[in-house]
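Asker: sharing a model prediction with you, sequence too.
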Amino acid sequence: MKTAEEIFNKLKEKFGSSIIELKTDKPLEPFILVNRLEVDKICLFLRDERDLLFDSLMNLSGVDDANGEKIKDETGLETINGGTLSVYYHLESTNLRHKLTLKTSTEREKPEVVTVTEIWKGANWHEREAYDMYGVVFLNHPDLRRILMPYDWEFGYPLRKDYKNPEFYQGMKVPY
Amino acid sequence: MGLLDQEFTEGNIVIAKTEDLFNWARLSSLWQVGFGLACCAIEMMATSASHYDFDRFGVIPRPSPRQSDVIIISGTVTFKMAIRIKRLYEQMPDPKYVISMGSCSNCGGPYWEHGYHVLKGVDRVIPVDVYVPGCPPRPEALLEGLLKLQEKIRHESIVKKSA
């Protein structure tokens, strides 16, 4: 069993600047911020290293940080320029009984994170959901399609903070 | 207007209007499309099960829309599903009926404001005969909805066009 600090130091030693920082100030479990293009290598290490053995990806979720520049137009609609989208990975080792949270951030304008489907097969649909809801593109994903919204949904990503619903979808009125 | 308008005591003869006879036959064996959407579908299944026994009203789930009389929209209608529901409805032969079960399919329910994926009422894609309120409605409520539909069918006319 290892604490987040111990894991952080171990990762830092191995991956250097790809491991950005360990956050412990939030009133939740500590998490490690990592480089979005090195996630796959870091996760493979986390899974296979003998004293880490994170064999289970409990959850993978997207987050809209909404930390960009907020622009209101004359009708009061808000759009967000710049800032980041994030992806969180909740890992668990069923063997060693420790848990870890990873976070990676990517620019909102061109959100790209490397996939972890090769490491945990279960990540496949989680990543599709994050893509569906936030538009995060997972590089090298084998089948990156929308998973919940209709395949022909062309009105954006509904869980982004500046998402606006369309008036009509296939002839059906959308607002109440 | 009961079916037994007159009865001859020793002839096994019943006199009734064909309209009444047909209506009685139709309302007594409403086959529903074997189809459920969300938590309402659990209540619908409970209604079908032995405790509430939908079958005593002649309602049995039929796994084909082409041999069904009624479709119970039991749950949240997403846009993705609305397209399929419309197709199912179109596959059913006339005369066909729709029971909208629960707040979601009546008007969007809890998704009415922020449900980016929910159709705000199934009556936006297919015509509804009976709305059953509730979230989800108890089996008694669904049974009441079915009785309402039966009353509607009982008063239908073969020759007069209804709305």
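Answerer: Structure's in. What do you need? Numbers count the residues shown, from 1 in each chain, chains lettered A, B, ... in the order given.

Asker: would you mind measuring from whichever residue of chain A sits closest to chain B to residue A:90?
Answerer: Across chain A, the shortest distance to chain B (C-beta to the nearest C-beta) belongs to residue A:158, at 4.3 Å. Every residue, glycine included, has its C-beta placed from N, CA and C. Using C-beta to C-beta, to the nearest Å, residue A:158 is found at 22 Å from residue A:90.

Asker: equivalent analysis for residue B:25, please.
Answerer: Residue B:25 is 59 Å from residue A:90, by C-beta to C-beta.

Asker: and those two? which has more neighbours close in?
Answerer: residue A:90 (17 against 12; other C-beta atoms under 10 Å in any protein chain shown).

Asker: what helix or strand is the more buried one on?
Answerer: Counting by DSSP states H and E, the element that carries residue A:90 is strand A:84-92.

Asker: paired strands for that strand, with orientation please.
Answerer: strand A:56-64 (antiparallel), strand A:99-107 (antiparallel) (DSSP bridges).

Asker: distance from the chain centre to it, please.
Answerer: In terms of C-alpha atoms, centre = their mean, to the nearest Å, the centre of strand A:84-92 is set 4 Å apart from its chain centre.

Asker: please apply the same query to stretch A:38-48.
Answerer: 15 Å.

Asker: mean confidence score for that stretch?
Answerer: For stretch A:38-48, the mean pLDDT works out to 92.

Asker: could you do stretch B:102-121 as well?
Answerer: 93.

Asker: quick check: phi and psi at the residue lying closest to residue A:77 once chain neighbours are set aside.
Answerer: Spatial nearest neighbour of residue A:77, excluding adjacent residues (C-beta to C-beta, 6 or more residues apart in numbering or on different chains): residue A:164 at 6.4 Å. Residue A:164 adopts backbone torsions of phi -120, psi 130, taken as degrees, to the nearest 10.

Asker: quick check: which ranges of chain A have low pLDDT?
Answerer: Across chain A, nothing is flagged by pLDDT under 70.

Asker: please list the residues of it that sit near chain B.
Answerer: Within chain A, the positions near chain B by C-beta under 8 Å from any C-beta of the partner chain are A:148-150, A:158, A:163, A:165, A:169-170, A:172-176.

Asker: buried residues in the longest helix along chain B?
Answerer: In chain B, assigned by DSSP state H, the helix with the most residues is helix B:139-154. Under the neighbour-count criterion of 16 or more other C-beta atoms under 10 Å in any protein chain shown, helix B:139-154 has B:139, B:141, B:142, B:143, B:145, B:146, B:149, B:150, B:153, B:154 buried.

Asker: kindly list the single helix or strand of chain B that scores lowest on mean pLDDT.
Answerer: Counting by mean pLDDT, DSSP states H and E, chain B has its least confident helix or strand at strand B:6-8, which shows a mean of 61.

Asker: rounded mean pLDDT for the longest helix of chain B, please.
Answerer: 94.

Asker: for it, name the packing helices and strands.
Answerer: helix B:18-28, helix B:39-48, strand B:97-101, strand B:130-132 (3 or more C-beta pairs under 8 Å, 6 or more residues apart in numbering or on different chains; DSSP states H and E).

Asker: count the neighbours of residue 77 for me.
Answerer: Chain wasn't specified; assuming chain A. Residues near residue A:77, counting by other C-beta under 10 Å: 10.

Asker: should've been chain B
Answerer: Residue B:77: 30 neighbours (other C-beta under 10 Å).
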